[in-house]
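Trainee: Take this sequence and fold it.
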Amino acid sequence: MALNPNYEAIGKAFTEQYYNMFDNPATRSQLQALYNADQSLLSFEGQQMQGAAKIMEKLSSLTFQKIAHLITAVDCQPMFDGGILINVLGQLKTDDDIPQSFMQNFVLKPAGDSFFIQHDVFRLVLHNVAA
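Mentor: Numbering: from 1, shown residues only. Down below sits the predicted model:
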């Protein structure tokens, strides 16, 4: 399979769609359709889970009432299997907490004429450095 020449447009459109769905409580559950039942992996703050149901179980367990992702940068690269690597850098605002920096990486895998999230890695950018 060749490199996808539309990787940049697809990656950026996916990123906008993903965070719009995530940030809206009415559409958050629809994220499950973006993951594969068996072949999707999530690493959330170092905790690993596999499959759309387990991933949604984790995302549904988060304790915030309100959330907003403020995107700073989206970098995309084509993959040799036709997939797309996406790196997102931004700030996360939950409830009345101060914004915190985060990074999230996605690997979108081709599936017919669409894609699914094969890999999803999320981390808050926290630097615990001893003085």
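
Trainee: And the strands in the protein?
Mentor: 41-44, 47-50, 67-78, 84-94, 100-111, 114-124 (DSSP state E).

Trainee: in its sheet, what does the third one sit against?
Mentor: Translated: strand 67-78. Paired neighbours of strand 67-78 in the sheet (DSSP bridges): strand 84-94 (antiparallel).

Trainee: Report the beta-bridge partners for Phe102.
Mentor: Assigned bridge partners for Phe102, using DSSP bridges, are Gly90, Leu124.

Trainee: which ones are touching it?
Mentor: His69, Leu89, Gly90, Gln91, Leu92, Phe122, Arg123, Leu124, Val125 (CB atoms under 8 Å, 6 or more residues apart in numbering). Every C-beta, even on glycine, is put in place using the N, C-alpha and C of the backbone.

Trainee: Could you check the pLDDT of it?
Mentor: The score at Phe102 is 97. That number is its pLDDT.

Trainee: now the strands of the chain in a markdown table, with distance to Pro25?
Mentor: Shown next, in a markdown table, are the strands of the chain (distance: least, CB to CB, whole Å):
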| stretch | distance to Pro25 |
| --- | --- |
| strand 41-44 | 19 |
| strand 47-50 | 21 |
| strand 67-78 | 9 |
| strand 84-94 | 13 |
| strand 100-111 | 19 |
| strand 114-124 | 19 |
